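*Asks:* I would like to see how this sequence folds:
(one chain, ligands or ions: 1)
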Amino acid sequence: MIELRQVTKRYRRKIALNEVNITLTPRKIYGLVGENGSGKSTMLKLIAGLIYPTRGEVLVDGNRVDRRVSSVVSFLSELDEYYSFFNVEQTIAFYHSQFPDFDLEKANEMVKFMKLDRKAKLKELSKGNRGRLKLVLSLSRNAPIILMDEPLSGLDPMVRNSIVKGLISFIDIDKQLVLITTHEIQEIENILDEVIAIKDGKIIGRKVVEQLREQENVGIVDWLTSIYE
Ligand SMILES: Nc1ncnc2c1ncn2[C@@H]1O[C@H](COP(=O)(O)OP(=O)(O)OP(=O)(O)O)[C@@H](O)[C@H]1O
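*Replies:* Residues are numbered from 1 along each chain as shown. Predicted structure coming up:
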């Protein structure tokens, strides 16, 4: 479980998150949406223990987050943080050596699904293929919490749909909590349990996707449009 209690994050003068309170429970896929600069990445980095709150606290399974949280949180970052001289196979082997929960069999299966060349060096991969590799690396960990910052960025619109469908089969939804930030909300709408909207560092709405559809008969985009007006 993830809890943010009265969390404020300030970068010098800029308040990126402003007194955020939120609880996320396991066995769900959450989508976090908001305009550029609304605080999405900041929220993920706080949960991943890469940065710390200015005020308030971030708890994972009841414990205040610090660097050790990386043993339970798999984080797909927006940035390319890999060794460019490694090839795909070597990068996977490196991750396998770093994380005890890394499932090599799953990684190999995903490499095939993503049609990645195992021998291609990272510096030679296209942006889209680096995006695919990031998905392989983050989802191959059997970590209870998976954080994905813009996982579809760089991927060709033509293949996004089939990749999203594939993703769901690589998530262990009986065990994992997945939090995804995206600007392509329509493309992941079908796999989300809940959507959370953030604006200017504040959570401005949260909805169960099925409820939106069944009770209000609207899609996520309609709901977002109504609350952002
Ligand atoms: N290291 C930093 N130093 C100073 N300001 C920062 C830093 N990181 C983020 N910010 C600022 O904090 C605010 C929130 O940034 P954040 O990256 O969390 O937004 P975001 O919703 O993920 O944006 P995007 O959709 O563009 O990725 C922005 O105004 C951003 O400029």
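
*Asks:* Pull out the buried residues from stretch 55-62.
*Replies:* 56, 58-60 (16 or more other Cβ atoms under 10 Å). Quick note: C-beta positions are derived from backbone N, CA and C, even for glycine.

*Asks:* Okay, and the closest residue to Tyr52 other than its chain neighbours sits in which element?
*Replies:* In this structure, Tyr52 finds its nearest non-sequential neighbour in Leu46, 7.2 Å apart by Cβ to Cβ, 6 or more residues apart in numbering. In this structure, Leu46 sits in helix 40-47 according to DSSP states H and E.

*Asks:* what about Asp149, neighbour count?
*Replies:* 23 (other Cβ atoms under 10 Å).

*Asks:* which residues touch the residue nearest to Ile204 when sequence neighbours are not counted?
*Replies:* Residue nearest to Ile204 in three dimensions, not counting chain neighbours: Ala197, with 5.2 Å by Cβ to Cβ, 6+ apart. Residues counted as contacts of Ala197 (Cβ atoms under 8 Å, 6 or more residues apart in numbering) are 33-34, 203-206, 224, 227-228.

*Asks:* Alongside the ligand, which residues does this structure contribute?
*Replies:* 11, 14, 16, 34, 36-42 (Cβ under 6 Å from any ligand atom).

*Asks:* can you do 5 Å?
*Replies:* 11, 14, 16, 36-42 (Cβ under 5 Å from any ligand atom).

*Asks:* Return a selection command, for use in ChimeraX, containing the buried ones of these.
*Replies:* The buried residues among the residues of the chain next to the ligand can be selected in ChimeraX (16+ other Cβ under 10 Å) with this line:
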select :16,38,39,40,41,42
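
*Asks:* I'd like the residues of the chain next to the ligand laid out as JSON lines, including pLDDT.
*Replies:* Below are those laid out as JSON lines (pLDDT from 0 to 100):
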{"residue": "Tyr11", "pLDDT": "95"}
{"residue": "Lys14", "pLDDT": "94"}
{"residue": "Ala16", "pLDDT": "97"}
{"residue": "Asn36", "pLDDT": "92"}
{"residue": "Gly37", "pLDDT": "94"}
{"residue": "Ser38", "pLDDT": "95"}
{"residue": "Gly39", "pLDDT": "97"}
{"residue": "Lys40", "pLDDT": "96"}
{"residue": "Ser41", "pLDDT": "96"}
{"residue": "Thr42", "pLDDT": "97"}
